[in-house]
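Q: Quick one, what's the 3D model for this:
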Amino acid sequence: NRIARDMHDGVAQEIVGLGYLVDEIESVSDQPDTRELAATLRAELTRLVSEIRFSIFDLRHQVTDGRLSSPLADYAREMSRASGMHVHLSLEESGPPLPPRAATEVLRVAQEAISNVRKHAHAHNLWVSLASDETRIFLEIQDDGVGNAAPRERHWGLQTMQERAAGVGARLDVTPRPGGGTVITLRSTSAAASERESPHGHHSAVG
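A: Residues are numbered from 1 along each chain as shown. Below is the predicted model of the structure:
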């Protein structure tokens, strides 16, 4: 929350201030090329502010009780509203909740995958599936977009997702989706092998 607040009050506001300066340059210049460049820069600054706000939104989504269904559903639906994609949810959790760290790492993987779809895939549909119990975690993010499953060189987002998955004893796979798009799968054979929290009942959400 502190990082999110600092981003909102710091760099985001500074970029907004630069936008006002660019607007002034465009308004006082009588050079068509300068006005065109200023308009292009203004559009790019607006895009950057939007991306920062999405990053703040990511950071403020937390797992408080070891249950992923609610924050994951909220995040996917917000991305649906922001992008116009139709989101299909299948979320099921049973047995004890995950340890907070494991749950948060899985949520961050899902956020990165969904954010990549929003930014790059030009998809119409997004499928988000989650299943977890005492022995496994299964997360799958599918889209029907342009598809580019092959990792790009120095793709830090993918590398971070792989590191997060490995940190909770899971494997991350990125594959083409039949018919177009990409499938990202996080799968473990032992979900959070240690540090189990006090048990809760079955929890599921389908939407």
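
Q: For the residue nearest to the spatial centre of the chain, give its distance to residue 117.
A: For the chain, the residue nearest the mean C-alpha position is residue 111 (2.2 Å; Cα atoms, centre = their mean). Counting by Cβ to Cβ, to the nearest Å, the gap from residue 111 to residue 117 is 11 Å. Bear in mind the C-beta positions are built from the backbone N, C-alpha and C, glycine included.

Q: and if you look at residue 108?
A: Taken as Cβ to Cβ, the span from residue 108 to residue 117 is 15 Å.

Q: which one of these two has more residues nearby?
A: For residue 108 and residue 117, the more surrounded residue by other Cβ atoms under 10 Å is residue 117, and the numbers stand at 25 against 17.

Q: Let me know how buried the residue nearest to that one when sequence neighbours are not counted is, in neighbour terms.
A: Distances taken as Cβ to Cβ, 6 or more residues apart in numbering put residue 143 closest to residue 117, at 4.5 Å, once the chain neighbours are dropped. Using other Cβ under 10 Å, residue 143 is surrounded by 27 other residues.

Q: Just the pLDDT at residue 143, thanks.
A: If you check residue 143, the pLDDT there is 93.

Q: Run through the bridge partners of it.
A: When bridges are called by DSSP bridges, residue 143 pairs up with residue 126.
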